[in-house]
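Visitor: Model the following, please.
(2 chains)
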Protein chains: 2
Amino acid sequence: MPKRILVIGGVAAGPSAASKAKRTNPEYDVVLFEQGEDVSYGICEIPYYIGGDIQADKLVVNTPEQLRERKGLDVRVLHRVEELLPTKRKIVVRDLVSAKTFEEPYDRLIIATGSRPKKLNVQGEDARNVFTVKSLDDGFRIYKYIEAEQPKHAVIIGGGYIGMEMADALRARNLDVTMLHLYGLPMNGLERQVREHVREELEKHQVQFIGDANTEGFVVDKQQRVTHVVTKNGTYEADLVILALGVVPNSEMAKKAGIRVGASGGILTDQRQQTNLDNLYAAGDCCEVKNLVNNKSMFIPLATIASKQGWVAGENAAGGKAKFNGAIRAIAVKVFCLEVARIGLSSEEAQASGFTVVTETIVAPCKVAMMPGSEKLWITAIADKRSKRLLGVNMIGKDGVVLRANTFAVAIQHKMTIDEIQQWDLAYSPPFTPLWDPVLVAANAMAKKLR
Amino acid sequence: MPKRILVIGGVAAGPSAASKAKRTNPEYDVVLFEQGEDVSYGICEIPYYIGGDIQADKLVVNTPEQLRERKGLDVRVLHRVEELLPTKRKIVVRDLVSAKTFEEPYDRLIIATGSRPKKLNVQGEDARNVFTVKSLDDGFRIYKYIEAEQPKHAVIIGGGYIGMEMADALRARNLDVTMLHLYGLPMNGLERQVREHVREELEKHQVQFIGDANTEGFVVDKQQRVTHVVTKNGTYEADLVILALGVVPNSEMAKKAGIRVGASGGILTDQRQQTNLDNLYAAGDCCEVKNLVNNKSMFIPLATIASKQGWVAGENAAGGKAKFNGAIRAIAVKVFCLEVARIGLSSEEAQASGFTVVTETIVAPCKVAMMPGSEKLWITAIADKRSKRLLGVNMIGKDGVVLRANTFAVAIQHKMTIDEIQQWDLAYSPPFTPLWDPVLVAANAMAKKLR
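Guide: Model (predicted):
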């Protein structure tokens, strides 16, 4: 009998894990269960689909049939896993079409149940024009709603990066956009001046940003549609509402089965993505991940991390010896004309992690300033005074931001000092970079401040 | 009496050294000698000025007066230093206006005499429509010649990166361009397939590339103008000739004074940019530099290296303790619509340096493939089989090449292994990068090959 690997979850980490397991050991049977209709699609592309940049048929990377044919996986959509029975090495699965449940045995189990949108828990939240942006189905539903009902006034609740992307998408579809955010400035986790810069960019593109706005409820009409969003400070007209409040890990089933979870609720694993239970792996948004900058276990739900963890879990479940060291949290987002990047720790997190924080901000041209199309970019670097280590950066500008942020990402991941960064030998050519790349300008400015 | 630092050379490393010396110790007198009329200008921008991207008045970073006023430097243009007298701690300077020579004493001397274009040493090379691209004056002369005499047929002799930039500039000015190159493919030092890609791009933009072309002479008319370029295999009509054969270090005077030079003729220094003689520093194109990938001393004439060495020489001459560890040779060039980057060792150099060379090439989209404007890019990685270290990369594509190449530059400089690169946590967002950044795709492919 060939060994049997079961994978729960078909969006990001799941297909990644299943494919890698099968590649690692083609003798194994690999079965993937997904409660939805679709597998292996790009969640991160959904705002670009809604905004009109991407066609619907391009969103799915692999259909269940393709995963079967191309990767040799046994894929079962509309199958929800409802219970883990680790002592019996079985799981309980419900076929959502027949509504019947049955048990499936495994040799190795990979949990990739992902995350789900946070809710407001106020009345009216389930109205038919209130949407989250978390699945392909969400994307299709928003798109169809815009096409069919031609809404005019969108309210986005939440000013994080999904909020930013949806603001851009909905403005591209010519809706009025109001953004309600719990805090005074958008994008918590960025440094204050960068958040101000983001707010200005929103306003430049006619997004009405309402800070310190605690949503208390919705006015819902007889057609089960929200007409107004009610906050303590004001009521906002709306015929389309997007909830973008962040996500929480889907880990309750794992926890119930005796798998250890962290403070965030995310499943705890070792570097091999193995949980505390034998033959039981986990990967993706349902997990915590080690933050390599401060060595703390954190919930960092990002597709980049999910796919790497998926590979590692899949390879190890199939008998390999892969490792995932951890992450630094590298985030990029487009806010209208701006590239925004946030890598590593914020100054606040750095402080809380025991570092002696020094921050420095520079502005520099993204290419030789006299060249056509040269745009300014801003870098805020966050360093530790004692070790001189770079701990984090915020970057913002119209061009050349995100790829440069990735250069800093390498420095942060490898615990480099500012002195080391100053020595970097980087390529220079007037159409692409200034003689002193902004990366080096930031390092030189920080070095002065650390002296 | 305040101490006296003399700097020879006013283009790149010289002003950088002089300014840093004055900043480090404002008590010192810092005097800079330059034989030309101009100081502190961007040589690398000259092709873009000729092509029409940059205005003439933007080329000069600081005039002599500005260096005096803003930086407190005593700048003497049209002063050629003709001899070093290190035992007397003096130099011999000729005032090119009065033609008189005199001696100048120093406490510290910084040599930043740069490099000069290689010559063909064939007859007709000094005709008035044959140009090099090495000084501001060269740039002005080419520009004026194009304006005044409306040449139609340009021949560029040399297919390195200056040749590429000039081909682009002259095509932008609507000249026919023929490029004669000593080897079968342009851009020696890049891997074969990348060189083929470059040749195709040249041809796509109507540059006639003639490989294996050894220029034997010029046909010169009575107006002292070249009309034809003669090679063994053919004769090419020309009313404008650009010599782009590379450069050699201006180190003869230093050598004559007993300063040690390397095999290339470049001055040898330690990490403090100090030569073998007391109180005598050197920086920029007149020097060799330690290649950090194979630890060999090399001639790498690049503005990025020159300005860093200038800082270090200036700081140390003024009593500081700066270090320049070395370089990896990071080169970027625009070839019409392509970004081309070459970082670290070529496969041939790696072989010659004793590494067991493995190369791997991948092609990947520069951003999520379904996003508008997504372009392919090619990465050829060069690694050592035993240590798994990344030694070099070649990259080419229409977008997102050079800044990504700089991510690899960090890996190469810090002697990272492919395994380490695979673990990189990089930012991802559909408008800027694919989920698996091409950098990671290349690392994953190389890891497979190294297994």
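
Visitor: which stretches of the stretch 201-350 of chain A form strands?
Guide: For the stretch 201-350 of chain A, applying DSSP state E, counting those that start in this stretch gives strands covering A:207-210, A:215-220, A:226-231, A:235-237, A:240-243, A:247-249, A:280-282, A:289-291, A:296-298, A:330-335, A:338-344.

Visitor: for the ones you listed, which one ends up most surrounded?
Guide: Stretch with highest mean neighbour count among these: strand A:280-282 (a mean of 29; mean count of other CB atoms under 10 Å in any protein chain shown). C-beta: built from backbone N, CA, C; applies to glycine.

Visitor: Which residues outside it are in contact with it?
Guide: A:17, A:84, A:86, A:108-112, A:254, A:259, A:267, A:269, A:272-275, A:313, A:316-317 (CB atoms under 8 Å, 6 or more residues apart in numbering or on different chains).

Visitor: Tell me which residue lies nearest the centroid of chain A.
Guide: In chain A, the centroid-proximal residue (CA atoms, centre = their mean) is A:L302; its distance is 3.3 Å.

Visitor: does A:V335 have beta-bridge partners, and which?
Guide: A:L338 (DSSP bridges).

Visitor: For it, give its distance to chain B.
Guide: 11 Å (CB to the nearest CB, to the nearest Å).

Visitor: if we can go back for a sec, whichever of the contacts of strand A:280-282 end up buried, select them in PyMOL.
Guide: Buried residues among those (16 or more other CB atoms under 10 Å in any protein chain shown), as a PyMOL selection:
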select buried, chain A and resi 17+84+86+108+109+110+111+112+254+259+267+269+272+273+274+275+313+316+317
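
Visitor: In helices, which of the contacts of strand A:280-282 fall?
Guide: A:17, A:254, A:313, A:316-317 (DSSP state H).

Visitor: residue contacts, the residue nearest to A:F33 when sequence neighbours are not counted?
Guide: Using CB to CB, 6 or more residues apart in numbering or on different chains and skipping residues adjacent in sequence, the residue nearest A:F33 is A:H79, 4.5 Å away. The neighbours of A:H79, taking CB under 8 Å, 6+ apart as the test, are A:33-35, A:93-96.

Visitor: Which member of these is positioned nearest chain B?
Guide: A:E34 (18.8 Å; CB to the nearest CB).

Visitor: shouldn't that closest one be in contact with A:V75?
Guide: Yes. Using CB atoms under 8 Å, A:E34 is in contact with A:V75, at 7.2 Å.

Visitor: how about the strands of the stretch 201-350 of chain A, which one is nearest B:E191?
Guide: strand A:330-335 (29.6 Å; CB to CB).

Visitor: Pull the distance from the closest one to the chain's centre.
Guide: Distance, stretch centre to chain centre, for strand A:330-335: 10 Å (CA atoms, centre = their mean, to the nearest Å).

Visitor: Quick check on A:E65: phi, psi?
Guide: Note on A:E65: backbone dihedrals following degrees, to the nearest 10 are phi -60, psi -40.

Visitor: what about the stretch 301-450 of chain A, any weak spots by pLDDT?
Guide: Within the stretch 301-450 of chain A, no stretch has pLDDT under 70.

Visitor: could you redo the last one with a cut-off of 90?
Guide: A:369-370 (pLDDT under 90).

Visitor: The stretch 1-150 of chain A now?
Guide: A:1-2, A:41-42, A:57-62.

Visitor: Tell me how many other residues crowd the residue of it at minimum distance from chain B.
Guide: As assessed by CB to the nearest CB, chain B sits closest to A:K58 within the stretch 1-150 of chain A, at 4.0 Å. When neighbours are defined as other CB atoms under 10 Å in any protein chain shown, A:K58 has 17 of them.

Visitor: Quick check on it: phi, psi?
Guide: phi -90, psi 0.

Visitor: do the same with the one 5 residues further on
Guide: In terms of degrees, to the nearest 10, the main-chain angles of A:T63 are phi -80, psi 170.

Visitor: Next up, the contacts around it.
Guide: So A:T63 contacts A:38-40 (CB under 8 Å, 6+ apart).

Visitor: picking up where we left off before, quick one: common contacting residues for A:E34 and A:V75?
Guide: Shared contacts of A:E34 and A:V75, counting by CB under 8 Å, 6+ apart, come down to A:G10.

Visitor: Distance-wise, check the closest residue to A:Q413 other than its chain neighbours relative to B:S307.
Guide: Using CB to CB, 6+ apart and skipping the chain neighbours, the partner closest in space to A:Q413 is A:I328 (5.1 Å). Noted for A:I328: a distance of 30 Å to B:S307, by CB to CB, to the nearest Å.

Visitor: What of A:L170?
Guide: A:L170 is 46 Å from B:S307, by CB to CB.

Visitor: likewise A:A350?
Guide: In terms of CB to CB, A:A350 sits 31 Å off from B:S307.

Visitor: sorry, back to before: can you put the contacts of A:T63 in TSV and add secondary structure?
Guide: Shown next, in TSV, are those (DSSP: H, G, I helix; E, B strand; the rest coil):
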residue	secondary structure
A:D38	coil
A:V39	coil
A:S40	coil
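
Visitor: B:T380: which of these is nearest?
Guide: A:S40 (29.8 Å).

Visitor: doesn't A:L67 make contact with the closest one?
Guide: Yes. Applying CB under 8 Å as the test, A:S40 and A:L67 come out as touching, 6.3 Å apart.

Visitor: shared neighbours of those two, anything?
Guide: In contact with both A:S40 and A:L67: A:P15, using CB under 8 Å, 6+ apart.

Visitor: For the stretch 301-450 of chain A, just list every one of the helices.
Guide: A:303-317, A:347-352, A:402-413, A:418-422, A:438-450 (DSSP state H, counting those that start in this stretch).
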